[in-house]
Each structure stands twice: as C-alpha cells, then as structure tokens.
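# following is a predicted model, sequence given first.
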Amino acid sequence: MASVGYVCVGTNNFEKATAFYDALLGEMGGKRLMPTPMGVLYRMSNGAMVMINRPYNGEPATVGNGGMLAFQADSKDQVAVIHARALALGGTCDGPPGPRGTFGEFAYFRDLDGNKLAIYHTGG
C-alpha cells in the first residue's frame, strides 16, 4: 500500500521561507530533518515530511491555483493558535478559523511566497 511520503513547497526567498517554516512547523512539532540540494526537509511528529525548496529548473517558484497544503491539528484550539502564528510570522489570512459545515474547524493562510496552507481539526 502506498502513502504520501512528502510534499514540496517552492520559494523564491529561501532564508525568509525557512525562518517562516522553522517557526510554524516547530509550533506543530515539526523539526528540520536534513538539507537537500535544493532546500530543506522537515519531519512532522506523525512522520509526514514537508520540503521547502528552490525550483530545480531554476525558474521562479509560482503559486499553484487550486493547490493547498493542509495540516491536521490536535485540537480546535490549535487551529486558531497556528493560524495566528502564521499571520504573526508574516503570512496572510485566506480564511479565519471557524467551523466549515459539519466537517470541523478550519483556517486558511498563505505563506510568504503566497502558497496556500490550511490547518484543521475534525472531531470533538
């Protein structure tokens, strides 16, 4: 059975992006795992990995229309905490914390390069 191993998020300013993700992913238990030729790989506490990288082809990183990276929170309260942390780090709000139908608590934001991210919690 296959599962998602890692996701990549492109950046045009590696130093600012890694400072943002060091703090944001650290808030969720993520840690730098290792550098790569084009970026840095983080491991989350659940084993998932996120790579922040410069595009391999040397072209500028661009934001995907319809693409989004979503992180599962441990609690409803953590959704608001992570969203606020992202904004304090220079991210922009793309949807404040709150319920989304009967699915649970969700919040949306963009990183410093405009990549869309979500934090969510389902259940009690």
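Done, it's in.
# any idea how far Phe20 lies from Ala118?
Distance, Phe20 to Ala118, using CB to CB, to the nearest Å: 16 Å. All C-beta spots, glycine's among them, are computed from the backbone N, C-alpha and C.
# ok, and for the longest strand seen in the chain, which residues are buried?
Counting residues, the longest strand found in the chain (DSSP state E) is strand 92-99. Residues of strand 92-99 classed as buried: Asp94, Pro97 (neighbour count, 16 or more other CB atoms under 10 Å).
# for that strand, what is the distance to the chain centroid?
14 Å (CA atoms, centre = their mean, to the nearest Å).
# can you give the strand pairings for it, parallel or anti for each?
The strands beside strand 92-99 in its sheet (DSSP bridges) come out as strand 105-110 (antiparallel).
# could you point out the helix or strand that follows the partner strand?
strand 116-121 (DSSP states H and E).
# that next one pairs with which strands, parallel or anti?
Counting by DSSP bridges, strand 116-121 is paired with strand 69-72 (parallel), strand 105-110 (antiparallel).
# Glu26: what secondary structure?
Check again: residue 26 is Gly, not Glu. helix (DSSP: H, G, I helix; E, B strand; the rest coil).
# what is the burial count for it?
Residues lying near Gly26 (other CB atoms under 10 Å) number 13.
# how close does it sit to Ile82?
11 Å.
# ditto for Asn13
With CB to CB as the criterion, Asn13 and Ile82 are 22 Å apart.
# okay, the longest strand of the chain in CSV with CA atoms only?
Presented in CSV, the C-alpha positions along strand 92-99 are these (Å, rounded to 0.1, in the frame of the first residue of the first chain):
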residue,chain,number,x,y,z
THR,A,92,-1.7,36.4,5.2
CYS,A,93,-5.2,35.3,6.1
ASP,A,94,-7.1,33.4,3.5
GLY,A,95,-9.9,32.3,5.8
PRO,A,96,-10.2,32.9,9.5
PRO,A,97,-10.6,30.0,12.0
GLY,A,98,-14.1,28.7,12.3
PRO,A,99,-16.4,25.8,11.5
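# identify the residues contacting that strand?
Val79, Ala80, His83, Leu87, Glu105, Phe106, Ala107, Tyr108, Phe109, Arg110, Lys116 (CB atoms under 8 Å, 6 or more residues apart in numbering).
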